[in-house]
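>>> what's the 3D shape of this:
(5 chains)
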Amino acid sequence: MEIGRVVGTVVSTIKLDGLTSYKLLIVTPLSATKELTAAEGRDDYVAIDLAGSGEGEIVLVTRGSAARVSGATDVPTDAAIIAIVDTIQIGTRNAYSKP
Amino acid sequence: MEIGRVVGTVVSTIKLDGLTSYKLLIVTPLSATKELTAAEGRDDYVAIDLAGSGEGEIVLVTRGSAARVSGATDVPTDAAIIAIVDTIQIGTRNAYSKP
Amino acid sequence: MEIGRVVGTVVSTIKLDGLTSYKLLIVTPLSATKELTAAEGRDDYVAIDLAGSGEGEIVLVTRGSAARVSGATDVPTDAAIIAIVDTIQIGTRNAYSKP
Amino acid sequence: MEIGRVVGTVVSTIKLDGLTSYKLLIVTPLSATKELTAAEGRDDYVAIDLAGSGEGEIVLVTRGSAARVSGATDVPTDAAIIAIVDTIQIGTRNAYSKP
Amino acid sequence: MEIGRVVGTVVSTIKLDGLTSYKLLIVTPLSATKELTAAEGRDDYVAIDLAGSGEGEIVLVTRGSAARVSGATDVPTDAAIIAIVDTIQIGTRNAYSKP
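Modelled structure (predicted):
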């Protein structure tokens, strides 16, 4: 899984039925060990939202077939937001706390 | 999933039966947060079209086994266009609107 | 899927039974939009041949579990050549035609 | 699979049920052949812990659907710590020994 | 699949049961077309050995779910050595012959 920030939304009317009823959010992958800066060599992508997350929030995203394990088995997605992050601890340092 | 632009077509007569009846489109992956410029470190690839998309359109592509979830279970593909993008919103900014 | 050129062959006598009876071809991934030059950040790999392709040919390769969808379900491969490319069209430009 | 170091923890209260009862650990991927320095072009990620590992330990992580093979079939994860590394031997050189 | 060289071994006593009875080998990915130098942008990783390979040998490795196709269905691995390479032919040039 990877840490990311929800930065935007995609709206689509022409789409596969399986996507209906899911929010399509744009996620920027972050490096947890580098002060939540953009992760090296990874660009933004689109995930369905299974955690009720919102713009600006730090979330946990699962990629690949894992995105369809929990209740979304028939959704043609390869990425899903599965948790909203409360805190990130790197060693003894608090790297992030949800405001 | 990722945002991409349909930029071309592949035609093939010698191919696995499972590919028959699908359009094979060339997609350039885009960075939604960087003005829809080419995504960092990703090159173009080929996807089957499940959304009736056309050349130049901004689309949503799913990769890996997700490409075979909706009606294309017997197609040997690892990428499918599953939606045509209407709008992309990054924060309060409208990053894209379908012409 | 991705466009590639068949550039070589791997021969192996000690291998899993599932690989027997398949040609093991070396493929260089190509960028369709950049005059079929080597794709950025991807190196060559080995694919089984399901399309009867030969050295020098431009082919379509599927990666991951998709490589085992069509008739090769018991083959421990993560890449398969599934089509021989006739033409590639980028916009109004003919980027490739099979000689 | 890849070698990594456990460097931190993610805490989340709003998450999919499948994640409950698993520790979410942040892993930095390492290059075994380069003195366990950070692996080239890979950034940190989050894995569930199936091996009882702790901060600072060198572990073995499996990615993708493999993360759900052993007892974690219903967990929406794409990464799992599956072993704690005792020693790494590169040729005749001992590259790592658990303290 | 990819060409790699077996360069080392990982030993672990605390691990998932599924890993027991498999050798855990460290593999450096190689570029077949570039004189078997290290493959661009890929770092070393760990694979189970299904081919009886040894240190220094050039092998064929399969990644992802393919690693669990042949006899290793319950092993939580995402990489498996499935063949020992005898020869690699690039065009008319013999790029490698097993000593």
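>>> phi, psi of A:Arg63?
phi -120, psi 160 (degrees, to the nearest 10).
>>> contact partners for it?
A:Met1, A:Glu2, A:Asp78, A:Ala79, D:Asp78 (CB atoms under 8 Å, 6 or more residues apart in numbering or on different chains). C-beta here means a position set from N, CA and C on the backbone, and glycine is covered the same way.
>>> and it, bridged to which residues?
Judged by DSSP bridges, the bridge partners of A:Arg63 are A:Ala79.
>>> ok, back up a step: buried subset of the contacts of A:Arg63, written for PyMOL?
Filtering those down to the buried ones (16 or more other CB atoms under 10 Å in any protein chain shown) takes a single PyMOL command:
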select buried, (chain A and resi 1+2+78+79) or (chain D and resi 78)
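>>> the spatially closest residue to A:Glu35 that is not a sequence neighbour: how many residues sit nearby?
Nearest residue to A:Glu35, sequence neighbours excluded (CB to CB, 6 or more residues apart in numbering or on different chains): A:Ala95, at 7.2 Å. Counted with other CB atoms under 10 Å in any protein chain shown, the neighbours of A:Ala95 add up to 20.
>>> name the nearest residue to A:Asp17, sequence neighbours excluded.
B:Ser70 (7.3 Å).
>>> I misspoke; the intended subject was A:Asp74.
Nearest non-adjacent residue to A:Asp74, counting by CB to CB, 6+ apart: A:Gly18, 5.3 Å away.
>>> tell me the secondary structure for the one you found?
Three-state assignment for A:Gly18 (DSSP: H, G, I helix; E, B strand; the rest coil): helix.
>>> lowest-pLDDT helix or strand in chain A?
Here the helix or strand of chain A ranked lowest by mean pLDDT, DSSP states H and E is strand A:37-38, holding a mean of 88.
>>> got a pLDDT number for A:Glu35?
You'll see A:Glu35 listed with a pLDDT of 87.
>>> grab the nearest non-local neighbour of the residue of chain A found nearest chain D.
Chain A approaches chain D most closely through A:Ala83 (3.5 Å), counting by CB to the nearest CB. Nearest residue to A:Ala83, sequence neighbours excluded (CB to CB, 6+ apart): D:Lys15, at 3.5 Å.
>>> how about A:Asn94?
By the measure of CB to CB, 6+ apart, the closest residue to A:Asn94 outside its immediate chain neighbours is A:Thr87, 6.6 Å from it.
>>> just confirm the one you found contacts A:Ser97, I think it does.
Yes. Using CB atoms under 8 Å, A:Thr87 makes contact with A:Ser97 at a distance of 5.1 Å.
>>> thinking again about what came up before, list the beta-bridge partners for the residue nearest to A:Asn94.
Bridge pairing for A:Thr87 - DSSP bridges - gives A:Ser97, D:Val11.
>>> returning to that earlier point: more neighbours, A:Thr87 and A:Ser97?
Between A:Thr87 and A:Ser97, counting by other CB under 10 Å, A:Thr87 is the more crowded of the two (16 against 12).
>>> report the contact partners of that one.
Here A:Thr87 is in contact with A:Asn94, A:Tyr96, A:Ser97, A:Lys98, D:Val10, D:Val11 (CB under 8 Å, 6+ apart).
>>> of those residues, which is the most crowded?
Busiest of the contacts of A:Thr87 [other CB under 10 Å] is D:Val10, holding 23 neighbours.
>>> what's the neighbour count on the residue nearest to A:Asp74?
That count, for A:Gly18 with other CB under 10 Å as the rule, works out to 21.
>>> any stretches of chain A with poor pLDDT?
For chain A, not a single residue meets the criterion pLDDT under 70.
>>> show me what contacts A:Asp86?
With contacts defined as CB under 8 Å, 6+ apart, A:Asp86 is in contact with A:Ser97, A:Lys98, D:Val11, D:Ser12, D:Thr13.
>>> meant to ask about A:Val6, not that
A:Leu25, A:Ile26, A:Val27, A:Ser53, A:Gly54, A:Glu55, A:Gly56, A:Glu57, A:Val59, A:Ile81.
>>> give the buried subset of the residues you listed as a PyMOL selection command.
Restricted to buried positions by 16+ other CB under 10 Å, the PyMOL selection for the contacts of A:Val6 reads:
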select buried, chain A and resi 25+26+27+53+57+59+81
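>>> closest one to A:Gly41 out of the contacts of A:Val6, please.
A:Val27 (15.5 Å; CB to CB).
>>> tell me how far the least confident helix or strand of chain A lies from the chain's centre.
Distance of strand A:37-38 from the chain centroid (CA atoms, centre = their mean, to the nearest Å) equals 14 Å.
>>> and stretch A:10-24, by the same measure?
Taking mean C-alpha positions (CA atoms, centre = their mean), stretch A:10-24 and its chain are 16 Å apart.
>>> A:Val7 and B:Tyr96: what is the separation?
A:Val7 sits 14 Å away from B:Tyr96, going by CB to CB, to the nearest Å.
>>> ditto for A:Leu24
13 Å.
>>> which parts of chain A sit against chain D?
A:1-3, A:29, A:31-34, A:39-42, A:50-52, A:60, A:62-67, A:69-71, A:80, A:82-91, A:95 (CB under 8 Å from any CB of the partner chain).
>>> of those, grab the buried ones for PyMOL.
The following PyMOL line selects those of the residues of chain A next to chain D that are buried, judged by 16+ other CB under 10 Å:
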select buried, chain A and resi 1+2+3+29+31+32+33+39+40+42+50+51+60+62+63+64+65+66+67+69+70+80+82+83+84+85+87+88+89+90+95
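>>> among the residues of chain A next to chain D, which lie within strands?
A:2-3, A:29, A:31, A:60, A:62-63, A:80, A:82-84, A:87-90, A:95 (DSSP state E).
>>> looking at those residues, spot the one nearest chain C.
A:Arg63 (12.4 Å).
>>> let's have the contacts of A:Asp86 in CSV, adding distance to D:Val46.
Listed next are the contacts of A:Asp86 as CSV, based on distance: CB to CB, whole Å:
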residue, distance to D:Val46
A:Ser97, 17
A:Lys98, 16
D:Val11, 11
D:Ser12, 10
D:Thr13, 16
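>>> just those residues now: which is nearest chain B?
A:Lys98 (18.9 Å).
>>> any idea how far that closest one is from A:Ala83?
11 Å.
>>> how much space is there between the residue nearest to A:Asn94 and D:Gly4?
Distance from A:Thr87 to D:Gly4, by CB to CB: 21 Å.
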